[in-house]
Structures are given as C-alpha cells and as structure tokens.
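Student: following is a predicted model, sequence given first.
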Amino acid sequence: MTKIRIAVQKSGRLNEDSLRILKDCGISIDNGKDQLKATSRNFPLEVFYLRNGDIPQYLRDGVVDIAIIGENVLIEKGKDISIAERLGFSKCRVSLAVPKNETYNSIKDFEGKKIATSYPNTVKGYLASKGVTADLHIINGSVEIAPNIGLAYGICDIVSSGSTLFKNNLKEVEVMLKSEAVLAVSPTISEERKELLKKIQFRIKSVLQARQ
Ligand code: PRP
Ligand code: MG
C-alpha cells in the first residue's frame, strides 16, 4: 500500500506540537526515541525525523511528500515550496536586535555593520528592500551571544517569548517577518499521495477548528 511520507523536526521546539497535531488527527505513531523513521499503525503514513534546515531540500527532492515546518525556514530556503495549511502553532518573529544600551534610530543604523544570523537570505532580502548593506556573519545557533563577545553589532534570529534576547541584554528593533508552523508540500508529490494529503488536510482543518 502506498504511504505518504511526512517530515517533522527531529528535536526542538516544533517536534512536540507536530506530533501532537498528528495525534489529534487520529494518526498514531509508534515513537521509538532514537528512530529516525516511524510508521503509523492506523493511517498509511511514514514519519521522518529530520533537521529543520534540511527539510526544504528533502521536499524538493521528493524524498518526503509533506512536512510540518516553520514558515520562516521556507522563507529562508524554500521559496519554491508551497504551503497547504497554516497550523497556528509555533508562532514566532524573525527579528533584528541590538544591545539594549545602543541608541537605535532606524534600519540605516545597520549600514556597514556586522550582523550575526542563521537566516542570511531573509536578512539580505530585508536589508536590500531598505537600501541598506551590512556584513553578514553566518552562525548556526546561539546567535544572541555574538554582540556580547564582540563578533557583531547586531543579530537576526527567531524571537518567540523574547527571553533569549532579554537574557543576552539585547532589544528587538525590527520585525522582519512573522511565522508559524505550516504544512508544506513537495512539488513532486504523486497523484496517489495527493489523495492521502487531502484526507490529512481534512482532519487538520477540523482539529484546528476545534482548537479555536
Ligand atoms: C531559538 C532561537 C532563539 C530562541 C527564541 O533558539 O534561535 O534563540 O529560540 O526563543 P525565545 O524568544 O522564546 O527565547 P534555540 O533555543 O532553539 O537554540 P539554537 O539557537 O541554539 O538553535
Ligand atoms: Mg537560539
């Protein structure tokens, strides 16, 4: 029997809510903690646990058919991938921040400055739209430490509760975009699997309605 293949975040903030929405859709997954792949007992579905940043490429290559992923990741590296459903959880912003004691007037203050980020494409696009050129320093995690250790003037990263910014003496000065978890679809999904996707979408819609 054909199964639809879904990617979910392996570990991190999206993982738990992603598995919960599948569960609420009545899709049970046996979840061996260290397994990177699991199969549903009651729906023709396979789950692949992957790193967030790798998911757009897996969708593009058709290795998975659908994914639960942060819209911010698609904006950064999956602009060609379509969204079937907005899922209403894991809401966050992708923002620019500078040290709390900096006087900040406008985006022009970033001109010629160093910005540490894991979202280079998003920052480049935003700065270009404002006519600002900055020097991007790409790091993969713990971005908020950069200004404190003299690596950068400011940072661009995800802001959710704001507590990471607060703990690192930073202030949010520009919100570049707002994001939430979405159901993304591979451009190469087969007709047969599209039918399974429709079933899942139907269930997701009623789960989201019930949550309101
Ligand atoms: C994420 C993100 C921010 C933080 C935002 O980091 O990169 O640093 O969460 O959340 P908050 O506003 O609620 O504090 P995460 O803890 O996932 O670790 P990483 O950056 O090292 O990947
Ligand atoms: Mg972080």
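Tutor: All right, it came through fine. Ligands and ions are numbered 1, 2, ... in the order given.

Student: please identify which helix or strand holds Ser206.
Tutor: helix 191-211 (DSSP states H and E).

Student: list the buried residues in that helix.
Tutor: Residues of helix 191-211 classed as buried: 193, 196-197, 200, 203-204, 207-208 (neighbour count, 16 or more other Cβ atoms under 10 Å). Glycine gets a C-beta too; all of them are placed from N, C-alpha and C.

Student: Val64 is in contact with Trp188, correct?
Tutor: Residue 188: Thr, not Trp. No: the pair Thr188 / Val64 is not scored as a contact, 10.3 Å apart, by Cβ atoms under 8 Å.

Student: for stretch 112-119, what is the distance to the chain centroid?
Tutor: Relative to its parent chain, stretch 112-119 has a centroid offset of 19 Å by Cα atoms, centre = their mean, to the nearest Å.

Student: how about residues contacting that stretch?
Tutor: Contacts with stretch 112-119, where a contact means Cβ atoms under 8 Å, 6 or more residues apart in numbering, come from 72, 76, 94, 96, 123, 133-141, 143, 146-147, 151-157.

Student: change it to 6 Å
Tutor: Residues from elsewhere that reach stretch 112-119 (Cβ atoms under 6 Å, 6 or more residues apart in numbering): 76, 94, 123, 134-137, 139-140, 143, 146, 151-156.

Student: thinking again about what came up before, what is the helix holding Ser206 packed up against?
Tutor: Helix 191-211 makes packing contacts with strand 82-86 when contacts are defined by 3 or more Cβ pairs under 6 Å, 6 or more residues apart in numbering; DSSP states H and E.

Student: any chance you could map the strands in this protein?
Tutor: 4-9, 37-39, 45-50, 66-70, 82-86, 92-99, 114-117, 135-138, 154-159, 170-179, 181-185 (DSSP state E).

Student: tell me which of these is the most buried.
Tutor: Across these, the average number of neighbours (mean count of other Cβ atoms under 10 Å) peaks for strand 66-70, which reaches a mean of 26.

Student: that strand near ligand 1 anywhere?
Tutor: No: Strand 66-70 stays clear of ligand 1 (Cβ under 6 Å from any ligand atom), getting no nearer than 10.4 Å.

Student: would you reformat the strands of the chain as a markdown table and include mean pLDDT?
Tutor: A markdown table is the format used below for these (pLDDT from 0 to 100):
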| stretch | mean pLDDT |
| --- | --- |
| strand 4-9 | 98 |
| strand 37-39 | 93 |
| strand 45-50 | 96 |
| strand 66-70 | 98 |
| strand 82-86 | 98 |
| strand 92-99 | 98 |
| strand 114-117 | 98 |
| strand 135-138 | 98 |
| strand 154-159 | 98 |
| strand 170-179 | 98 |
| strand 181-185 | 98 |
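
Student: closest one to Ser106 among those strands?
Tutor: Nearest to Ser106, of all the strands of the chain, is strand 170-179, at 8.9 Å by Cβ to Cβ.

Student: run the angle between the closest one and strand 92-99 for me.
Tutor: With axes from the mean of the first three to the mean of the last three Cα atoms, to 10 degrees defining the directions, strand 170-179 sits at 160 degrees from strand 92-99.

Student: distance from the chain centre to strand 170-179, please.
Tutor: Strand 170-179 has its C-alpha centroid displaced from the chain centroid by 15 Å (Cα atoms, centre = their mean).
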